[in-house]
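Asker: Provided below for reference: sequence and predicted model.
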Amino acid sequence: MNTADVLIITAIVTIVVLIIIFLIRRRKKHKGCGCCSGCDGCKKCER
């Protein structure tokens with residue numbers, strides 16, 4: 001394996017992991033929020 005191949009594989013793995021983490025966080029954040037789709041801890045939704 002070349003160094004370039006290793007770097008490409010590492011980059012792909014890192015991107016996939018970041019996407020998974022982002023989706024998990026997004027799902028947790030918007031669990032009890034029904035009034036707005038893109039809110040970041042909206043106080044109206046929490047009450």
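Answerer: Yes, it's here.
Asker: mind listing the helices for the protein?
Answerer: For the chain, the helices defined by DSSP state H occupy 3-29, 43-46.
Asker: May I see those helices arranged in JSON lines, with mean pLDDT and mean neighbour count as well?
Answerer: Bear in mind the C-beta positions are built from the backbone N, C-alpha and C, glycine included. Formatted as JSON lines, the helices of the chain follow (pLDDT from 0 to 100; neighbours: other CB atoms under 10 Å):
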{"stretch": "helix 3-29", "mean pLDDT": "90", "mean neighbour count": "10"}
{"stretch": "helix 43-46", "mean pLDDT": "55", "mean neighbour count": "10"}
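Asker: Please tell me how far residue 2 sits from residue 9.
Answerer: In this view, residue 2 and residue 9 are 11 Å apart by CB to CB, to the nearest Å.
Asker: try residue 1
Answerer: 9 Å.
Asker: again, but for residue 26
Answerer: Counting by CB to CB - residue 26 and residue 9 are separated by 26 Å.
Asker: what does residue 15 give?
Answerer: According to CB to CB, residue 15 and residue 9 sit 11 Å apart.
Asker: ok, now residue 19?
Answerer: From residue 19 over to residue 9 (counting by CB to CB), the distance is 16 Å.
Asker: And residue 23, by the same measure?
Answerer: 22 Å.
Asker: ok, now residue 24?
Answerer: Counting by CB to CB - residue 24 and residue 9 are separated by 23 Å.
Asker: for residue 20, same thing?
Answerer: Distance, residue 20 to residue 9, using CB to CB: 17 Å.
Asker: Could you do residue 16 as well?
Answerer: Counting by CB to CB - residue 16 and residue 9 are separated by 11 Å.
Asker: just residue 22 next, same as before
Answerer: Remark: distance between residue 22 and residue 9 (CB to CB) = 21 Å.
Asker: next one: phi and psi at residue 2?
Answerer: Residue 2 has phi and psi values of phi -80, psi 160 when expressed as degrees, to the nearest 10.
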